[in-house]
Every structure is written in C-alpha cells, then in structure tokens.
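I'd like to go over a predicted model; first the sequence, then the structure.
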Amino acid sequence: MSKVKYFFEQSWLLLVSSIFFGGLLALTNAAWQPRIQQNEIEKFNRLAGAMLREADSFLSLDEPVEIASGKPRPYTVEVKRGVDAGGRTVGWAFLCQGSGFSDKIKLVVAVDGSFETLAGFGVLSSNETPGFGDKITIAGGFFQRQFVGAPAAALDLVKSGEAEAIDDEIVAISGATVSSQAVVTILNTYVVPIQEELKKRGLIE
C-alpha cells in the first residue's frame, strides 16, 4: 500500500494533467470536425472538377455503394455523378483510400460517363516521403498522367516501361515503388467493384 500511495503522491499532477488535456483535445477535435469535413468536401469537388471539366455539379447517388474490403465490414463509398448544365452524366467521382508507405492515402478518382476509362486521380491527403513517394501528389506529373485515359479495369504496376503509353500498365515512380503500388492497389480495390455495382443498378451499360 505504501508503494501505491507513494506513486499517487508523486504522479497525481501528471494524471490530472493527462485527463485535462486529453479532454481539451477531444473538445477541440469535436469543435473543428465540421470545418474539417467541409474542407474535405470542397477539396473533393475541386479535384473532381479538374478531372471532369464538363461537370457543372456532382450529385450523390441515392444509396452509397458497398464493396468488399477483405475485412468483416465492407467499404461504404459515396459515388457522385458528374452532370453538366443540361443534366447529362459526364462522369463519376468517388473517394477511396488505402495504406501507403508512411500513412493512409486518400484519393479522389474520376471516370468517364460510361465508366470505361479513367479521367485520373487526385490526392486528397497523403503523408508519403518528401521527394519520393509524395510525387504521387503532383498534378500533371508523369505518374498521374498515366491514369488519364487508362482503362477502368485492373491495372498493373511495372518498374520500367513507356510512361507515355496510356494502357493498363503503370510505370512506378523511381525510388517510390511502395507508394506507386499503393495507388494502383487502391484503384484496383475500388474501380471495378464500383463499376459492377453501377451496372447492377442500371446506371451504366
């Protein structure tokens, strides 16, 4: 008992401080959460709009799409239809994510109206290694350009090849194979299952 008493006598301030600052952090996070979510929505629309330039607005489907995650619970994906001023579907956009080299990578992926070819991807958030893995974030860079016009199908990552060729082979970023593979894996996890679900719903042929 004397050791327990001594412990509390010596550490009570640390315990109280931990509880206080932990609660303060939770309150701060709760207060900022709506703004964080709004910023994410705005960035999503900005990235999707840059890939689907004909889209006048992005409309969420009546029900989200669920795809297999390899875990007990499936991924729930909010797929948005890009429509022009006349209401014509010019493309589809959705948020997908997966593990990168350093942390989770969140991507905004866009495809054409028939869901046959990719319109590209933009990085919503990433903490990949500066100078290497973070090259996935360069809009218009050689890595991102390979996805524009690529088939909305399973993609393969290769270490060398013709990066200018638009096909199902994606050339990795030198020195950042893990980050490159992460992007390809994320797209392979989401694109085809979403395509199949939209076909089931009669939204695409």
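Perfect, I can see it now.

which one's the longest strand in this structure?
If each strand of the chain is counted by residues according to DSSP state E, the longest one is strand 89-99.

and the angle for the helix or strand following that one with strand 89-99?
Heading C-terminal from strand 89-99, the first helix or strand you meet, by DSSP states H and E, is strand 104-112. Orientation check (axes from the mean of the first three to the mean of the last three C-alpha atoms, to 10 degrees): strand 104-112 against strand 89-99 gives 160 degrees.

For strand 104-112, what does the pLDDT average out to?
For strand 104-112, mean pLDDT is 97.

Touching it from outside, list them.
Applying C-beta atoms under 8 Å, 6 or more residues apart in numbering, the external contacts of strand 104-112 come out as 43-44, 47-48, 51-52, 82, 90-99, 117-126, 128, 136, 152, 179, 182-183, 186-187, 190-191, 195. In this view, the C-beta of every residue, glycine as well, is placed from N, C-alpha and C.

Among these, name the ones in helices.
Within the contacts of strand 104-112, residues falling in helices by DSSP state H are 43-44, 47-48, 51, 179, 182-183, 186-187, 190-191, 195.

Which one (most neighbours) among those?
The most crowded member of the ones in helices among the contacts of strand 104-112, judged by other C-beta atoms under 10 Å, is residue 183 (29 neighbours).

With adjacent residues omitted, what lies nearest to it?
residue 136 (5.6 Å; C-beta to C-beta, 6 or more residues apart in numbering).

now do residue 138
residue 144 (6.5 Å).

Can you identify the element that follows the helix or strand containing that neighbour toward the C-terminus?
Element membership for residue 144, per DSSP H and E: helix 142-145. Next helix or strand after helix 142-145 toward the C-terminus (DSSP H and E): strand 156-158.

Each with direction, which strands does that following strand pair with?
Take DSSP bridges as the rule and strand 156-158 pairs in its sheet with strand 169-171 (parallel).

who's in contact with the strand it pairs with?
Identification of contacts with strand 169-171 by C-beta under 8 Å, 6+ apart yields 142-143, 146-147, 150, 155-163, 180, 183-184.
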